[in-house]
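# sequence unavailable; structure follows:
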């Protein structure tokens, strides 16, 4: 499902990093997106792109922490684009349209009291993406795919 | 030939290679090689954290010797605002200035007064940028010079040279946020040279301006300025050194009140938060301590602090009073500076002069601040991706203990050094031990093998 510009060519440089995310672990929440941001800075990606990737990574990571028991965040850096895949085996999304609506959240009260679950995650992710794909099956899990193009 | 001047240097004889300093450096600029610390000059920002961390007094700040006064016909001393905080509260500031004059200087100019000027210039700039209508009249040439059309939020103070260099090295995208107004030290030097050269009929180069510095970063700002070709300050004297000379000269020093002209607000610049207090606007934030500054600048980079108009950042804890070359404990200094700030309220009578000086460009840096992005693996993104991949693979093989035995501050830093060709995997003591163990096992294995042609064991016959 993840589109990869590699197309099987072995000499195209690609960096792939995977981060396991533990659900409901608010202490560690945000660490994966921090690592992703640091990696892109070291590579020398333009700051405006890093900002968009950081938002996508953070929101998808938080979605896994808030709504699932576990999941995985994968970053793929290609020379022409950056891809983020956030996959979890949580409850899945019952109503896609509602989920994409700004302000709508299914986060439980105790999580909203912590300041999370404002209902802006998916809309923010979509806004930052050049390509956005959401696959979900209630009872099975959710996978979010985002591609952000690199200039030049 | 070194590309940069650095005030922070290593005294090799004192260095034990203990690796204490490498973890405190905010730009990971130190490595230990051949049993001695080594500072990577492109990364060093002269913040002096390693001076604080070194238990063997091996890290020192190079300052100008006192006898460099001899090179000038007319000598002016410019004490930093934090200087007053070093003395007991019963000593009036005017007397401290009087004692300075006894050391061989012809005149004294408080950098706190320069701070008063800079405060007014900043207020003017903020007024034009954020607090009045966006339409800027072309008649206001002073503001045009400062390019207010690029008014990012927050604006970051340029007063701390270590922070400016930190931004060049670690946050180059925030360079446009740096206030394009020079520091009080630099502005004071310019005012002194312009004023005195006119009054005395001397060329500016014959007037020696000497700053009393609380830190190494200011020394570097004098010798190797960032946004200016040549600093208007001729020398930086260590505050600790000048303090002892002043103490000796206090008895009998003139306590002429008129000698002390700077306002309390200007003196307040010596402590963290003082700059903001002097500017007196809302929507500001003050951060001190280089690691706190890094944490806040990371938020600024993410766009999270764009409701703040002005950000005061000081590398030293407590502000300049916490500098490595100060004498007094920063908390005691802070109380003294605060009391002086409260008691010495004076009206600022130079508003028109500031507007005039703004128009003349006295407050401007003469060039633009350049990035020093040494953090990137490679200028070409494809190569950088490849190297990053290699870095992650190398790191996966390291113990991730960040013990420092390899001389690098973390396993990640060692992995980066390896990828950059500056280190090898066996620098890691754990990897080395693994290899030795593997070799030892192979040796034991080999020693047990008897060649078929021999009937008995070789050893112990």
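It's in. Note that the structure is a prediction, hence the values are computed from the model and not measured.
# CA atoms for contacts and neighbours, from now on please.
Noted.
# so what's the closest residue to chain A within the stretch 251-400 of chain B scoring on pLDDT?
Chain A sits closest to residue B:376 of the stretch 251-400 of chain B, with a gap of 4.6 Å, by Cα to the nearest Cα. Predicted confidence (pLDDT) for residue B:376: 81.
# with residue B:407 instead?
Residue B:407 is assigned 95 on the pLDDT scale.
# and what about it, helix, strand or coil?
Following DSSP: H, G, I helix; E, B strand; the rest coil, we place residue B:407 in the coil state.
# contacting residues for it?
The contact partners of residue B:407, by Cα atoms under 8 Å, 6 or more residues apart in numbering or on different chains, come to B:19, B:22, B:31-33.
# ok, 6 Å please
B:31-32 (Cα atoms under 6 Å, 6 or more residues apart in numbering or on different chains).
# same question for the one 3 residues further on.
Residue B:410 sits next to residue B:402 when contact means Cα under 6 Å, 6+ apart.
# contacting residues around residue A:135?
A:142-143.
# any stretches of the chain with poor pLDDT?
The chain I'm using is chain A. A:1-10 (pLDDT under 70).
# should've been chain B
For chain B, the stretches with pLDDT under 70 are B:1-2, B:131-150, B:455-461.
# so where do the strands sit in it?
B:8-10, B:30-33, B:36-39, B:59-61, B:74-79, B:107-108, B:155-156, B:207-213, B:235-238, B:284-288, B:310-314 (DSSP state E).
# partners of the first one, with directions?
Yep, that's strand B:8-10 we're talking about. strand B:59-61 (antiparallel) (DSSP bridges).
# what does the second one give?
Partner strands and pairing direction for strand B:30-33 (DSSP bridges) are strand B:36-39 (antiparallel).
# mind checking the longest helix of the chain?
Using chain A here. When chain A is scanned for its longest helix (criterion: DSSP state H), the result is helix A:47-67.
# um, chain B though
Longest helix in chain B, counting by DSSP H: helix B:429-448.
# pull out the buried positions in that one.
Buried residues in helix B:429-448, counted by 16 or more other Cα atoms under 10 Å in any protein chain shown: residue B:430.
# how distant is that helix from the center of its chain?
Per Cα atoms, centre = their mean, to the nearest Å, the displacement of helix B:429-448 from the mean C-alpha position of its chain is 47 Å.
# do the same with stretch A:113-122
When distances are taken as Cα atoms, centre = their mean, stretch A:113-122 is centred 15 Å away from the chain's centroid.
# circling back to that earlier point, point out the other helices and strands that the following helix or strand past the longest helix of chain A packs with.
As assigned by DSSP states H and E, the chain's next helix or strand after helix A:47-67 is strand A:70-77. The helices and strands touching strand A:70-77, judged by 3 or more Cα pairs under 6 Å, 6 or more residues apart in numbering or on different chains; DSSP states H and E, are strand A:15-22, strand A:81-88.
# quick one, what contacts the closest residue to chain B within chain A?
In chain A, the residue that lies nearest chain B is residue A:42 (4.6 Å; Cα to the nearest Cα). Counting by Cα under 6 Å, 6+ apart, residue A:42 touches B:375-377.
# in stretch A:78-98, which residues are buried?
A:78-79, A:82-93.
# swap that for stretch B:225-242, please
B:225-228, B:231-242.
# which ones, among these, also lie beside chain A?
Here nothing survives when the buried residues of stretch B:225-242 are matched to chain A using Cα under 6 Å from any Cα of the partner chain.
# the residue nearest in space to the middle of chain B and residue B:8, how far apart?
By Cα atoms, centre = their mean, the mean C-alpha position of chain B lies nearest to residue B:162, the distance being 1.9 Å. Using Cα to Cα, to the nearest Å, residue B:162 is found at 12 Å from residue B:8.
# follow-up on the earlier one: I figured the residue nearest to the centre of chain B hits residue B:49, correct?
No: at 10.6 Å, residue B:162 does not count as touching residue B:49 under the criterion of Cα atoms under 6 Å.
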